[in-house]
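Asks: I need the structure of the sequence given here:
(one chain, ligands or ions: 1)
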Amino acid sequence: PRVCVVGSGPAGFYTAQHILKVPGGDLRLRGRAGTCPPREASLRCMALSRVCGGLEGSWPCSSVVGGLLGAAQTPQGHPGPLWALVDIYEKLPIPFGLVRFGVAPDHPEVKNVINTFTQTARLERCSYYGNVTVGRDVTVPELQQAYHAVVLSYGAEDNRVLGIPGENLPGVYSARAFVGWYNGLPENRDLKPDLSCETALILGHGNVALDIARILLSPLQLLRKTDITDSSLAALACSKVKRVWLVGRRGPLQVAFTIKELREMINLPGARAVLDPADFTGLESAVRDASRPRKRLTELMIKTALEKPVEMQAGAAAPREWGLKFQRSPQEVLPSADGKRARGIRMALTRLEGLGDSAKAIPTGDVEELECGLVLSSIGYRSLPLDPAVPFDSQHGVIPNSLGRVKGVPGLYCSGWVKRGPTGVIITTMNDSFDTAQSVLEDLQGGVLDTSPSREGFGLVESILRSRGVRPVSFSDWEKIDAAEVARGKAAGKPREKIVDPAEMLRIIGH
Ligand code: FAD
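Replies: As a prediction, this is how the structure comes out:
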């Protein structure tokens, strides 16, 4: 059978990995013919599990061995029913989605999953076609004609809007655009955020909000060693921002960030936390029966709020500082006197109704204004519909599905953020992608998908793309771009200098 996956982020790659793996998965690397002898297989298994690292402990060694040694072919020498070929289509020339364009540059260890994705892409039965926008260059019904199964893993490429006056003033940015800018996402490379003010305000209490606060306040020498783009480093070098407020509609017990990210912020050199002890009154007992992560997180906030700030050495530059503001809901971004940019924000104070995660923020009627020249709204990403042929639940921003099977469209599947909404870390995405892949495998095995008619796969798509003047980028093309980025970064002591212009990427590979 031929399967295609749309999107090359974690969801796309983990779905492909699982389909290629079980059972009788052929883990031969591209260009290596023959079956591995048992010793080589187990050595390779060990190497693979090392590559997987902590995050990917769920690529179980035993099933990898099963894959390497297992029945990739039937006794007659024909490929078995699950011996699928997987083609991954990606709209950008370059793969890996938010691992490259979302994960913060100072979190290189998170990006190690790229090693596993690269192993998958190099498998003989896997092909990567970048520079192909599904829904524009090729439609989903066209893919359905070319493949037995189509998996949509195209993530969440838009952001939720605040829906308040002043939201479009200069000085107001979505977290998505700001993160895309410092991470070299082509569409955000010209953002040029105005960092000439002293106070920035981030709306949202999630890990993305903390990532942004950290990038705004990190000492430059820490960022210089990362893969942050040169142009954003230059802008941050001139930044006047020395204070960052993170504002949420609800209270400390409802924050969505996790303890690792909070601790990193608390320990950020040259920046001090400003938390109001009054915000935490009575929370120690309230959190006693909460889950362990929530309890530890709250205790860390309380401890930080009660700690006396470390005095700065006499003569030292004014410290950078950051703080959490709770129970404030944005009402309006206030314009400067000339109306040309943001100068502050008006917020409604709220009280909480209900407990825990389900507590609701209700405006008390009081308002507060806060001066800030930079407003970043970090209230969530949002998936968009891809193709009229694909059902889409606009209210929840997901493709309606049951265990990854798109409702009402046999042969169509989804995984990742477009399947379950834009929350969760890479490991959450991995688990739900494995579930979707399992549904595909079950449908292939159980005859739900008729694999008797042969499908041309990329052969058919290639002719469609050629007729539309689209030239796909292969994984080995990406590896050339990768090598060019690494070489550029080396000179500056960085892991890589990202190329941000797709035209330049295509020039490097001679397109
Ligand atoms: P994505 O990663 O967005 O991948 C979707 C892919 O589909 C993209 O490559 C996109 O270009 C492609 N695509 C879109 N439209 C089309 C189309 N029409 N045709 C073809 N291709 C298309 N998780 C962690 O574990 N640790 C972290 O430190 C961490 N940091 C994060 C920081 C930020 C700012 C964000 C937003 C998320 C972070 N996450 C982190 C979460 C993690 O990135 C997600 O769980 C994961 O990337 C979701 O995977 P996905 O494949 O569904 O979406």
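
Asks: Quick one: the strands in the stretch 351-500 of the chain, in order.
Replies: 360-371, 374-377, 381-382, 401-402, 405-406, 412-414 (DSSP state E, counting those that start in this stretch).

Asks: And these: which comes nearest the ligand?
Replies: Nearest to the ligand, of all the strands of the stretch 351-500 of the chain, is strand 381-382, at 5.8 Å by CB to the nearest ligand atom. In short, each C-beta sits where N, CA and C put it, glycine included.

Asks: Contact partners for L412?
Replies: V140, Q144, A149, V150, L152, V390, R405, V406 (CB atoms under 8 Å, 6 or more residues apart in numbering).

Asks: Filter those residues down to just the buried residues.
Replies: Buried members of the contacts of L412, counted by 16 or more other CB atoms under 10 Å: V140, Q144, A149, V150, L152, V390, R405, V406.

Asks: Grab the nearest non-local neighbour of the residue in the stretch 1-150 of the chain positioned nearest to the ligand.
Replies: Closest residue of the stretch 1-150 of the chain to the ligand, CB to the nearest ligand atom: G9 (2.1 Å). Of all residues not flanking G9 in the chain, G97 sits nearest, at 2.3 Å (CB to CB, 6 or more residues apart in numbering).

Asks: any idea how far the one you found lies from I362?
Replies: 37 Å (CB to CB, to the nearest Å).

Asks: Identify the residue nearest M430 in space, chain neighbours excluded?
Replies: Y14 (4.7 Å).

Asks: isn't the one you found right up against K419?
Replies: No - assessed by CB atoms under 8 Å, Y14 is found out of contact with K419, at 11.8 Å.

Asks: Neighbour count for these two, which is higher?
Replies: Y14 (31 against 26; other CB atoms under 10 Å).

Asks: tell me the SS of T116?
Replies: In three-state terms, and counting by DSSP: H, G, I helix; E, B strand; the rest coil, T116 is helix.

Asks: If I look at it, what pLDDT would I see?
Replies: We have a pLDDT of 97 for T116.

Asks: L123 versus that one, what's the distance?
Replies: Using CB to CB, we find T116 at a distance of 11 Å from L123.

Asks: cool, G155 as well?
Replies: G155 sits 23 Å away from L123, going by CB to CB.

Asks: In terms of neighbours, single out the busier of the two.
Replies: Counted by other CB under 10 Å, G155 and L123 do not tie: G155 has more neighbours, with 24 against 19.

Asks: In this structure the more buried one contacts F13, no?
Replies: No - contact criterion CB under 8 Å: G155 and F13 do not qualify, at 12.0 Å.

Asks: Residues of the stretch 401-511 of the chain that sit close to the ligand?
Replies: Residues of the stretch 401-511 of the chain lying close to the ligand (CB under 6 Å from any ligand atom) are G416, W417, G424, V425, I426, T429.

Asks: Show me which of the residues you listed are buried.
Replies: For these, buried by 16+ other CB under 10 Å: G416, W417, I426, T429.

Asks: which residues does the last one contact?
Replies: Going by CB under 8 Å, 6+ apart, T429 touches G9, P10, A11, Y14, S415, G416, W417.

Asks: re earlier: among G97 and I362, which residue is more densely surrounded?
Replies: Taking neighbours as other CB under 10 Å, G97 and I362 compare with G97 leading, 26 against 15.

Asks: returning to what we had before: from the contacts of T429, pick the one nearest P502.
Replies: Distances from P502 to the contacts of T429, taken as CB to CB, are shortest for G9 (17.3 Å).

Asks: Tally up the residues packed near that closest one, please.
Replies: For G9, using other CB under 10 Å, the count is 28.

Asks: There's contact between it and L152 in this structure, I believe.
Replies: No - using CB under 8 Å, G9 is not in contact with L152, being 11.8 Å away.

Asks: continuing past the least confident helix or strand in the chain by mean pLDDT, what's the next helix or strand?
Replies: Scoring the helices and strands of the chain by mean pLDDT, DSSP states H and E places helix 61-69 at the bottom, with a mean of 28. The helix or strand immediately downstream of helix 61-69 is strand 85-89, counting by DSSP states H and E.
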